[in-house]
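Undergrad: Provide a 3D model corresponding to the input given below.
(3 chains)
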Amino acid sequence: MKPADSLELPVPTPAGVFAARYSTRGLIALRFPPKRKSSAKPHPAAKVPPGVRRWHRLTAEALRRVLAGKSPASLPPLDLSAGTDFQQQVWRALRSIRPGRTRSYAEIARAIDKPKAARAVGGACGANPVPVLVPCHRVLAANRRLGGFSAGLEWKRLLLQGEGILPTPPDSLTRTQIG
DNA sequence: CCCTAGCGGTGCT
DNA sequence: AGCACCGCTAGGG
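TA: Below is the predicted model of the structure:
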């Protein structure tokens, strides 16, 4: 996908400004807010086609809802065509996990009929181009371990806390396990 | 807690 | 073809 075929728009949320990128087919990538402050890189956003504008409203609304622990009312079309067959199978399985619920990597592997591919499932989760809306954060390691998260475990904790899966710590506490 | 072996997909040479 | 990654897991100290 050439850069010229896609455009990127900011998504302000209570958790920071995400960036949504669109191809001609739909939402193709979602990036977490930069860790260190990004000091003004506002996209001019001229010439946004009406279709993309509509998609973007859906993206923004869905993102804010998931961040609030709710189920998105509706999603924009997702362009996940860049993934391998395996990755797309994993991502589809992720989309069936409802808010507030979790699966293990091994359970996802079983669900796509590759029971020994738990580790590869982790790889596919890490390659998920549309985090949050494709809820890779709801996949935990076996026996309640938190597992990993490419964008940083802080984000995974925050998302899980928003859905009531993780207890909200009274204080900033760094743990790698639940309960 | 630690370590180890086994596992499968991906990307690079 | 080989090889070195890994968001893993089960089993054993």
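Undergrad: look at the residue of chain A found nearest DNA strand C and report its pLDDT.
TA: Taking CB to the nearest atom of the strand as the measure, chain A has residue A:148 as its residue closest to DNA strand C, at 1.9 Å. C-beta coordinates here come from the backbone N, C-alpha and C atoms, glycine included. Here the pLDDT value assigned to residue A:148 is 98.
Undergrad: ok, and the closest non-adjacent residue to it?
TA: Using CB to CB, 6 or more residues apart in numbering and skipping the chain neighbours, the partner closest in space to residue A:148 is residue A:122 (6.8 Å).
Undergrad: for my notes, confirm residue A:156 occurs in a helix.
TA: Yes: assessed with DSSP: H, G, I helix; E, B strand; the rest coil, residue A:156 lies in a helix.
Undergrad: tell me the contacts of residue A:65?
TA: With contact taken as CB atoms under 8 Å, 6 or more residues apart in numbering, residue A:65 is in contact with A:71, A:72, A:73.
Undergrad: now, among the residues you listed, which is nearest to DNA strand B?
TA: Lowest distance from DNA strand B to the contacts of residue A:65 (CB to the nearest atom of the strand) belongs to residue A:72, with 25.9 Å.
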